[in-house]
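Enquirer: have a look; sequence and predicted model below, questions after that.
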Amino acid sequence: IRFAYWVPNVSGGLVISTIEQRTDWSFDYNRKLAQIAEQAGFDYALTQIRFTAGYGAENQHESVAFSHALAAATERLKVIAALLPGPWNPTLAAKQLATISHLTGGRIAVNVVSGWFRGEFAAIGEPWLDHDERYRRSEEFIRSLRGIWAEDSFSFAGDFYRYRDYSLKPKPLDPLPEIFQGGSSRAARDMAARVSDWYFTNGNTPENVARQVDDVQAKAAELGRRVKIGVNAFAVARDTEAEARSVVDEIVAKANPDAVNAFGHEVKNAGAASPEGEGNWAKSSFEDLVQYNDGFKTNLIGTPRQIAERILDLKQAGVDLVLLGFLHFQEEVEFFGREVIPLVRELEA
């Protein structure tokens, strides 16, 4: 199983709480963090994409430029740049990522975010599409990226993007950049089965993750494909389970209720807009929403041994990668690499 961490290129950390977070959104902090993560055994780093302030995130560095800088500061770490169709056109994204591929020895990937924040779209003058239309656009975006990267003369006629005999040179280094995508709705899972290399799901129990994995893989198998699976988690590794649980209790006790409820209102509206009324955060409680992507639900909270065993349960459920958030990133990424990852490798063996 592989490991990734959320890049804190957005201020406020990864919890909507006033608890002390020795995490900083500056590049100096993130450069050192990337180097620590690489030495700790992490495989990927995922940069976030935000255009407007809100929910404790007042400042945001742009994801593609930040990803390139982190890759330049490391030797093996692969950086996943989050992109939002609408502000990005596939032509620009394909060219940006192809160039970064050459500059970093192929250590760039992309996470295509279909969009959940309606207010953000309004603020930057982008039209807000219906739920399934956002995923149709994302699928065309991914098909366009793949075609531009793989074909010498790419033509495509979609509802959102059109190409006629377009040739991008140079292409990215081989293998082509991996394409990640998230979401829990029917449209999100079906899109992943058809076109994505990786499917990210919000935090959840191994049993619930297994149901999503089985659904996606069954659809992918019909097309002769297999999708790799990533799950979000917020890790709190401490010497005792009681100490770890007390940290989570303090995070929730010091949550900003107005910000958490506003975030919950926004994301639940986005999920409820799907035809089946399901999506990320559809069944999230207040406590779940304090961590942006339901990371507490994954329950990587306790001693290193407990966390390692739970990671193996996720692997048994079909998970290929765990995407981790932390309270104090530099210290806790180093601790996780020293105390947890070796136990995972022992249990895998």
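Expert: In hand now; what should we look at? Residues are numbered from 1 along each chain as shown.
Enquirer: correct me if wrong: E334 contacts E38.
Expert: No - E334 is beyond contact range of E38, at 11.1 Å (criterion: C-beta atoms under 8 Å). In short, each C-beta sits where N, CA and C put it, glycine included.
Enquirer: looking at those two, which is more packed in?
Expert: When E334 is set against E38 and neighbours are counted by other C-beta atoms under 10 Å, the residue ahead is E38, at 20 against 16.
Enquirer: tell me the phi and psi of the nearest residue to the more buried one once chain neighbours are set aside?
Expert: The spatial neighbour of E38 that comes closest, neighbours along the chain excluded (C-beta to C-beta, 6 or more residues apart in numbering), is L77 at 4.5 Å. When quoted as degrees, to the nearest 10, the phi and psi of L77 stand at phi -60, psi 130.
Enquirer: again, but for P172
Expert: phi -60, psi 160.
Enquirer: in contact with the closest residue to it other than its chain neighbours, which residues?
Expert: Spatially, and ignoring its direct neighbours in sequence, P172 is nearest to S101 (3.7 Å; C-beta to C-beta, 6+ apart). Residues in contact with S101, defined by C-beta atoms under 8 Å, 6 or more residues apart in numbering, are R107, I108, P172, L173, P177.
Enquirer: just list whatever residues bridge to the residue lying closest to D43 once chain neighbours are set aside.
Expert: Nearest residue to D43, sequence neighbours excluded (C-beta to C-beta, 6+ apart): R2, at 4.3 Å. Here R2 sits in beta bridges with L321, going by DSSP bridges.
Enquirer: contacting residues around the residue nearest to E38?
Expert: By C-beta under 8 Å, 6+ apart, the residues touching L77 are A34, A37, E38, F42, D43, Y44, A45, L70, A71, R107.
Enquirer: now do A82
Expert: Counting by C-beta under 8 Å, 6+ apart, A82 has contacts L46, T47, Q48, I49, S63, V110, N111, V113.
Enquirer: just checking, it is part of a strand?
Expert: Yes - secondary structure assignment places A82 in a strand (DSSP: H, G, I helix; E, B strand; the rest coil).
Enquirer: excluding its backbone neighbours, what's nearest it?
Expert: Nearest to A82 is I49, by C-beta to C-beta, 6+ apart, at 3.9 Å.
Enquirer: sorry, back to before: closest to A253 out of the contacts of A82?
Expert: For the contacts of A82, the residue nearest A253 by C-beta to C-beta is Q48; the value is 25.3 Å.
Enquirer: the closest one reaches E62, doesn't it?
Expert: No - Q48 is beyond contact range of E62, at 10.2 Å (criterion: C-beta under 8 Å).
Enquirer: mind checking how far the residue nearest to D43 is from E126?
Expert: Using C-beta to C-beta, to the nearest Å, R2 is found at 33 Å from E126.
Enquirer: can you tell me the SS state at Y163?
Expert: When classified by three-state DSSP, Y163 comes out as strand.
Enquirer: after the longest helix anywhere in the chain, next one along is what?
Expert: Once the chain is assigned using DSSP state H, the helix that runs over the most residues is helix 131-150. Per DSSP states H and E, the first helix or strand lying C-terminal to helix 131-150 is strand 154-157.
Enquirer: check which helices and strands that following strand sits against.
Expert: Judged by 3 or more C-beta pairs under 8 Å, 6 or more residues apart in numbering; DSSP states H and E, the packing partners of strand 154-157 are helix 131-150, strand 162-166.
Enquirer: comparing Q48 and E62, which residue is more hemmed in?
Expert: The neighbour count for Q48 versus E62, taken as other C-beta under 10 Å, is higher for Q48 (21 against 13).
Enquirer: so the nearest residue to the more buried one once chain neighbours are set aside bridges to which residues?
Expert: Closest residue to Q48 apart from its sequence neighbours, by C-beta to C-beta, 6+ apart: V10 at 4.9 Å. On the basis of DSSP bridges, V10 is bridged to Q60.
Enquirer: so who does V10 touch?
Expert: Contacts for V10 were tallied using C-beta under 8 Å, 6+ apart; they are W25, Q48, R50, A57, N59, Q60, H61.
Enquirer: now L321
Expert: I1, R2, F3, A4, D43, Y44, W198, K228, I229, G230, V231.
Enquirer: change it to 10 Å
Expert: By C-beta atoms under 10 Å, 6 or more residues apart in numbering, the contact set of L321 is 1-4, 43-44, 180, 198, 200, 228-231, 314-315.
Enquirer: just among these, which is most surrounded?
Expert: Greatest neighbour count in these, by other C-beta under 10 Å, goes to V231: 30 neighbours.
Enquirer: what about it, distance to E140?
Expert: V231 sits 27 Å away from E140, going by C-beta to C-beta.
Enquirer: and K32, by the same measure?
Expert: Separation of K32 from E140 (C-beta to C-beta): 39 Å.
Enquirer: and those two? Which one has more around it.
Expert: Neighbour totals were compared for K32 and E140, and E140 leads with 19 against 15 (other C-beta under 10 Å).
Enquirer: wait, D190 sits on K219?
Expert: Yes - in this structure, D190 is within contact of K219 by C-beta atoms under 10 Å, at 6.1 Å.
Enquirer: following the chain past the helix or strand that contains A221, name the next helix or strand.
Expert: According to DSSP H and E, A221 maps onto helix 206-222. Note on helix 206-222: by DSSP H and E, the next helix or strand toward the C-terminus is strand 228-234.
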